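1. below are the sequence and a predicted model for it; my questions follow.
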Amino acid sequence: MIDDEAFFRRRLGELVMQKYGSLDRFYLETNFSKGHLSQILRGKSSPSLATMVKLARLLDVQVGDFFKDAGKKGGR
């Protein structure tokens with residue numbers, strides 16, 4: 001079973017790709033720190049609540065959407 005942090009990272013990556021098509025486009029269009037998001041996606045840094053709220057706004061989702069279905073079997 002996938003842990004909550006890994007699920008969050010995977011879901012964040014999916015949402016970025018769905019809305020922007022690539023990480024580079026996300027960085028260019030949002031001015032979000034490339035290094036910071038990279039560290040979050042690789043599990044080297046955990047986002048603060050403020051960062052999660054900012055990411056949710058940039059992706060047009062609710063913060064809870066990052067964790068939607070996390071408790072279900074297989075993380076989906």
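-> Arrived safely. Residues are numbered from 1 along each chain as shown.

2. check contacts around residue 11.
-> With contacts taken as Cβ atoms under 8 Å, 6 or more residues apart in numbering, residue 11 has the following neighbours: 65, 66, 67, 68, 70. All C-beta atoms are positioned from the backbone trio N, CA, C, and that covers glycine.

3. what helix or strand is it on?
-> Element membership of residue 11 [criterion: DSSP states H and E] is helix 4-20.

4. let's see if you can find the most crowded of the contacts of residue 11.
-> The member of the contacts of residue 11 that has the most neighbours, counting by other Cβ atoms under 10 Å, is residue 66 with 22 neighbours.

5. thinking that one is in contact with residue 8, fair?
-> Yes: checked against Cβ atoms under 8 Å, the pair residue 66 and residue 8 is within contact range at 5.3 Å.

6. from residue 24, how far out is residue 63?
-> Noted for residue 63: a distance of 24 Å to residue 24, by Cβ to Cβ, to the nearest Å.

7. what do you get for residue 69?
-> Using Cβ to Cβ, residue 69 is found at 28 Å from residue 24.

8. picking that back up, just checking, next helix/strand downstream of the helix holding residue 11?
-> Downstream of helix 4-20, the first helix or strand assigned by DSSP H and E is helix 23-30.
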